[in-house]
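>>> Dropping the sequence and predicted coords here.
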Amino acid sequence: MTLMKPSYVFLLFLLTLAPGIWAVRSPAAAMARRAALEDGIGQTPQMGWNSWNHFGCNINEQVIRQTADAMVDSGLAKLGYVYINIDDCWAAYDRDSQGNLAANTSTFPSGIAALADYVHQKGLKLGIYSDAGPRTCSNLMPGSLGHEEQDAKTFASWGIDYLKYDNCNNQGISPQPRYDAMSKALLNSGRGIFFSLCEWGSDDPAIWARAIGHSWRTTGDIQDNWASMTSIADANDKWASQAGPGGWNDPDMLEVGNGGMTTEEYRSHFSIWALAKAPLVIGCNISSRSNETKGILSNQNVIAVNQDEHGVQGHKGTKCNKMETKKGPAGASITARWSSIGLDPATVVDVHDLWTDEVISSVQREMKQTVDSHACKMYVLTPK
Ligand code: GLA
C-alpha cells in the first residue's frame with residue numbers, strides 16, 4: 001500500500017451565473033463508504049458515451065459501430081471511456097410474441113447481441129436503455145415496469161454491461177420500488193450490469209439510491225448552453241457528500257463538442273464534471289469531433305481528478321461577489337486562499353495547473369490569477 005500525500009484541487013471560475021471556487025480535499029477527508037451492491041462495479045465514476053445528447057432518436061447500428069470504432073481509434077478508449085451506451089429508441093414499438101423486448105429491425109437489423117459482440121471485440125462495453133414505466137420517454141418503445149426480471153435476463157443474454165433506467169410514464173408510483181425491482185432483477189440476471197438510475201432527482205435519489213444502483217441522476221436533462229450547465233452543476237453540488245466508490249451523483253451527460261457553448265465554456269463544463277466525480281459520459285458525435293473537443297475530453301490530468309480512487313466529490317466553496325460580472329469578455333482577478341479549503345496558510349505547496357500542465361513550485365497562503373469570463377483554471381495543490 002502506498003501512502004499518498006493529501007492533495008487539494010482548486011477550480012477557479014469566473015462565471016456569470018454561478019460564481020465560486022470549487023474545491024475537493026483528498027484523501028484526508030475521504031469518508032469510508034460501502035456500496036450496498038458491493039459488486040465491484042462503479043468504483044470510480046463511469047466513463048463512456050451515450051447516443052442521446054447528439055443523436056436523439058436518430059440512431060442505428062452503424063452509428064453505434066462507428067462510435068465504438070472512433071472511441072478506440074481516437075485514443076479515448078485508452079483513457080478510460082469504455083461504455084458505449086444506446087439511449088432511447090433502439091427497440092421495436094411492441095414486445096415480441098414471447099413478451100420480450102426486441103430490437104427495431106429496420107435500424108438494428110443485426111440485433112443487439114451482435115452489436116455487443118462487436119463492441120466487446122474492441123475491448124469496450126455496451127450499454128442500453130429502458131424505463132421504469134410501461135413506455136419509455138419517446139413513447140416509441142416499451143418500458144420495463146412489470147417486466148423487470150424478463151428484461152434483465154434479455155439484457156444479460158445479449159451481453160449488455162450497463163442499463164440506463166428512465167422515469168417516464170411512471171404511473172404515479174414512487175420511484176424506490178420501481179427502481180428496486182430492476183436492481184434486484186439485474187442482480188439475478190447472472191451478469192454484472194452497471195445500473196444507472198435516471199430518475200431526474202425527483203425524489204432525492206442521492207439519499208436512497210446507493211443501495212440500488214451505481215449512479216443516480218440528480219437533475220433534469222442538461223441542455224447545450226451555459227445557463228443549463230451551470231444551474232445543473234449547482235443543483236448537483238447539494239449532494240456532494242453522498243458520492244463515493246460504488247455510487248455517484250449524476251448531473252447528466254456531457255455536452256462538450258455539441259456546439260452550443262464556446263471552447264472555454266466546454267472546458268469549464270468538463271472541469272466541473274470531473275471535480276464533481278460526475279459520470280464522464282460523452283454526448284457528442286465522436287466520429288466527427290473537432291480537435292478542441294478531443295483536447296478537452298482527453299486531458300489526462302483532469303480525468304485523473306475524476307477517477308481518483310478516493311472518490312470524494314468536490315464542492316463549491318467560497319463565493320466571491322467580485323466575480324459576479326455580468327458582461328464583457330474582460331477577465332477578473334481571483335484569489336484562492338488556502339484557508340478556504342482548510343489548509344494552513346503557512347503550508348508550502350507545489351501547484352499543478354491541470355490545463356497548461358505547468359507546475360509552480362513552493363507557493364504559500366494564496367494564489368491570485370486572472371480568469372476570463374466563463375473560463376476556469378484548475379489546480380492540484382500538493383504540500384511539500
Ligand atoms: C429522458 C432522459 C434523457 C433521455 C431521454 C430519452 O428525458 O432524462 O436523458 O434518456 O429521456 O427519451
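Nice, I can see it.
>>> from here on, contacts and neighbour counts on C-alpha atoms
Noted.
>>> Show me the helices in the stretch 51-200 of the chain, by range?
In the stretch 51-200 of the chain, the helices defined using DSSP state H, counting those that start in this stretch lie at 52-55, 61-73, 112-121, 148-158, 175-188.
>>> Next, format those as CSV and append distance to Asn258.
Output for the helices of the stretch 51-200 of the chain, formatted as CSV (distance: least, C-alpha to C-alpha, whole Å):
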stretch, distance to Asn258
helix 52-55, 7
helix 61-73, 15
helix 112-121, 24
helix 148-158, 30
helix 175-188, 31
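>>> Identify whichever of the ones you listed lies nearest to the ligand.
helix 52-55 (6.0 Å; C-alpha to the nearest ligand atom).
>>> Show residues contacting stretch 107-119.
59-61, 64-65, 68, 84, 90, 103, 105, 125-126, 157-160 (C-alpha atoms under 8 Å, 6 or more residues apart in numbering).
>>> change it to 7 Å
Asn60, Glu61, Ala68, Ala103, Lys125, Leu126, Trp158, Gly159, Ile160 (C-alpha atoms under 7 Å, 6 or more residues apart in numbering).
>>> Just the buried ones out of those residues, please.
Buried members of the contacts of stretch 107-119, counted by 16 or more other C-alpha atoms under 10 Å: Asn60, Glu61, Ala68, Ala103, Lys125, Leu126, Trp158, Gly159, Ile160.
>>> and those near the ligand, which?
Residues of those in contact with the ligand (C-alpha under 6 Å from any ligand atom): none.
>>> Leaving out chain neighbours, which residue sits closest to the residue in the chain that the ligand sits nearest to?
For the chain, the residue closest to the ligand is Cys137, as judged by C-alpha to the nearest ligand atom, at 4.2 Å. Setting aside the residues directly before and after it, Cys137 is nearest to Cys168 in space (C-alpha to C-alpha, 6 or more residues apart in numbering), at 5.1 Å.
>>> these two touch, right, the one you found and Thr136?
Yes. Counting by C-alpha atoms under 7 Å, Cys168 does reach Thr136; the two are 5.9 Å apart.
>>> So for these two, which residue has more residues nearby?
Neighbour count, other C-alpha atoms under 10 Å: between Cys168 and Thr136, Thr136 has more, with 24 against 20.
>>> per-residue pLDDT, that one?
As predicted, Thr136 sits at a pLDDT of 98.
>>> need the contact list for the nearest residue to it once chain neighbours are set aside.
Leaving aside its sequence neighbours, Thr136 sits nearest to Gly143 (C-alpha to C-alpha, 6+ apart; 5.0 Å). Applying C-alpha under 7 Å, 6+ apart, we find Gly143 in contact with Ser130, Asp131, Ala132, Gly133, Pro134, Arg135, Thr136.
>>> Would you enumerate the residues in contact with the last one?
Read that as Thr136. Ser130, Pro142, Gly143, Cys168.
>>> Taking those together, which two end up most distant?
Pro142 and Cys168 (11.0 Å; C-alpha to C-alpha).
>>> pLDDT score for Ala333?
Quick fix: residue 333 reads Ser, not Ala. Reported pLDDT for Ser333: 89.
>>> Good, we can wrap up now.
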